[in-house]
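> Whatever this is, show me its structure:
(one chain, ligands or ions: 1)
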Amino acid sequence: MPHELFELFTNTQSQEAENFRKRIRVYNSLFSFTSFGVKVDNNLASSKCGIYTFRVLGQVFHTLPPLNPHEGKPSHFQLYFWDNDNEMANRMSIFDNADIYEMRNNSPSVLLYSRRLFQQYAVDMYIKLEMTRLDYYRNNQAELRSEYYQRIVDSINCGQNRGSEIGKRIVLPASFIGGPRDMRRRYLDAMTLDRPDLTSRVFRAKVQDLKKEITLKAVFGEVCAYVYVVEFQKHGLPHIHMLVILKKEHKINNTDQFDDYVSAELPQKEKNPRLFDLVVKHMMHGPCGHLNSKNSCMIAGQCKSHYPRKFCERTVQGEDGFPIYRRRDDSQTVDVRIAKLNNQWVVPYNPYLLMRCDCHINVEIWSGLTAVKYLYKYIYKGHDKVDVHIASGNEV
Ligand SMILES: [Zn+2]
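Sure, this is the predicted structure:
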């Protein structure tokens, strides 16, 4: 590599070299024979936020312009043919303040110095490799027995029974990294590490027991009706939302009674060490807010569950039908996930059910129309849905 060029690639003091490296993709595109036709993902390919990343979507094309420029200035390989006498002037005029450098083909390691251009080159080459692999799978569908496990079976499943309507679908085997079958295999492998089958069995046993406790043993009083819905979080953790309606004469209306069924405080450690441990293990929210602004409950700088809650000397009925539970400032703290938390962070629980089930059970007493309507809606809010926008070209 000529010394001047080496300097441009490596000198960290010179502003000229800095500019050269910053605009290296532009320089390259200016002098390359073809233009690199690709849809760049601008959401990621930003140097303003994080590390500069060159990411493209879809296929890559190398476009060859006509030999003569139709209108405007010549570009790309036209520069090498068009008006040879003015060639240099043409090149110089494309960027007013740009310094123009010619690269010669005798520098074996020039690519490794070229930073963003090297990244573009690597992406370009990777796409070519992947296209080759995709072509291979497209041309060897018979060996993958694709009709059997995809085309016909799928079409029949979605109600299609006319042969002419069955389209040709290319199946990517699990060996194609990043393909749907590869991702599914990885997902199943990961799930196996988690043993969701065991989790589900224990969960079901606990749900059955909980129902028995509430309906037959009537831990909250005699039950008139109950509804519940089972949900699974993304990584498989099951949980239920349950609404219990008590018989009229058993309704818990007086806030003084609330404390018999629901606590939102750390129990005294000496008096009941096991309950204390369980509250610390299962019923402490966060830390979020100023202790950890990145916790998953934080939305726009606020905890969506309103923690830490205010201290409160005695349980009172809130105006909206949601009770405010007793949280006395007893100066007791516990270490939870590298923070010291007090009664402001306790999620309301029933001591008996917590002791029995050894898992997170948030128990709350609701009354008033607003609260009940909210609750019915909440447990039947349906499945999680995702809003998807499909973008094509530059239009969204
Ligand atoms: Zn929170």
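> domains in the protein, as residue ranges please.
3-134, 140-194, 196-379 (automatic domain parsing).
> Contact partners for Glu206?
Residue 206: Lys, not Glu. Counting by CB atoms under 8 Å, 6 or more residues apart in numbering, Lys206 makes contact with Cys357, Cys359. C-beta coordinates here come from the backbone N, C-alpha and C atoms, glycine included.
> what's the least confident helix or strand in this structure, going by average pLDDT?
With mean pLDDT, DSSP states H and E as the measure, the helix or strand of the chain carrying the lowest mean pLDDT is helix 146 (a mean of 55).
> correct me, but Phe9 touches Ser114?
Yes: shown here, Phe9 and Ser114 form a contact pair, counting by CB atoms under 8 Å, at 6.8 Å.
> who touches both of these two?
Residues touching both Phe9 and Ser114 (CB under 8 Å, 6+ apart) are Arg21.
> Quickly note the distance from Ala190 to Ala174.
When CB to CB, to the nearest Å is applied, the distance between Ala190 and Ala174 equals 15 Å.
> cool, and Gln59?
The separation that Gln59 has from Ala174, given CB to CB, amounts to 23 Å.
> Cross-check the contact I'm expecting between Ser263 and Val347.
No: using CB under 8 Å, Ser263 is not in contact with Val347, being 10.2 Å away.
> So for the two, which sits in the more crowded spot?
Taking Ser263 and Val347 together and counting by other CB atoms under 10 Å, Ser263 has the greater number of neighbours (24 against 19).
> Beta-bridge partners for the more buried one, please?
The bridge-partner assignment for Ser263, based on DSSP bridges, gives Tyr349.
> Please report the distance of it from Ser114.
Applying CB to CB, one obtains 65 Å for the distance of Ser263 from Ser114.
> so Lys310 makes contact with Asn342?
No: Lys310 lies out of contact with Asn342 (CB under 8 Å); the separation is 11.8 Å.
> And those two? Which one has more around it.
Regarding Lys310 and Asn342, a neighbour count based on other CB under 10 Å identifies Asn342 as having more, with 19 against 9.
> Can you list the low-confidence ranges for the stretch 101-250 of the chain?
Under the criterion pLDDT under 70, the flagged ranges of the stretch 101-250 of the chain are 101-109, 145-168, 194, 234-236.
> Tell me which residue of it lies closest to the ion.
Gln233 (16.7 Å; CB to the ion).
> which residues does that residue contact?
His239.
> And Phe9 and Ser114? Which one has more around it.
Each of Phe9 and Ser114 has its neighbours counted (other CB under 10 Å); Ser114 has more, 21 against 18.
> give the contact list for that one.
The contact partners of Ser114, taken as CB under 8 Å, 6+ apart, are Phe9, Arg21, Ile24, Asn28, Tyr121.
> and which of these is nearest the ion?
Checking the contacts of Ser114 against the ion with CB to the ion, the nearest one is Arg21 at 44.8 Å.
> Which strand or helix spans that closest one?
With secondary structure defined by DSSP states H and E, Arg21 is part of helix 15-22.
> Run through the residues of this structure sitting next to the ion.
Among all residues of the chain, those adjacent to the ion (criterion: CB under 5 Å from the ion) are Gly286, Cys288, Cys297, Cys303, Tyr307.
> of those residues, buried ones?
Buried by 16 or more other CB atoms under 10 Å: Gly286, Cys288, Cys303, Tyr307, out of those.
> Quick one: residues contacting the second one.
Spelled out, that is Cys288. Taking CB under 8 Å, 6+ apart, we find Cys288 in contact with Asn295, Cys297, Met298, Cys303, Tyr307.
> Next step: the residues you listed restricted to strands.
Members of the contacts of Cys288 lying in strands (criterion: DSSP state E): Met298, Cys303.
> Closest one of the contacts of Cys288 to Val227?
Comparing the contacts of Cys288 against Val227 with CB to CB picks out Cys297 as the nearest, at 25.7 Å.
> okay, now Ile361: neighbour count?
20.
> Just want to check the distance between the closest residue to it other than its chain neighbours and Thr199.
In space, not counting the residues next to it along the chain, Ile361 is nearest to Leu353; the distance is 5.2 Å by CB to CB, 6 or more residues apart in numbering. Using CB to CB, Leu353 is found at 19 Å from Thr199.
> Neighbour count: those two, which is higher?
Taking neighbours as other CB under 10 Å, Leu353 and Thr199 compare with Leu353 leading, 19 against 14.
> List the contacts of that one.
Per CB under 8 Å, 6+ apart, neighbours of Leu353: Leu210, Glu213, Val219, Ile361, Val363.
> In helices only, show me these.
If you go by DSSP state H, these have Leu210, Glu213 in helices.
> Do a quick rundown of the helices in the stretch 101-250 of the chain.
With helices called from DSSP state H, counting those that start in this stretch, the stretch 101-250 of the chain shows them at 110-113, 115-139, 146, 152-157, 180-194, 196-215.
> State the phi and psi torsions of the closest residue to Asp329 other than its chain neighbours.
With sequence-adjacent residues excluded and distances taken as CB to CB, 6+ apart, Asp329 is closest to Phe311, at 4.5 Å. According to degrees, to the nearest 10, the main-chain angles of Phe311 amount to phi -70, psi 150.
> isn't Phe311 right next to Tyr325, touching?
No: counting by CB under 8 Å, Phe311 stays clear of Tyr325, with 10.9 Å between them.
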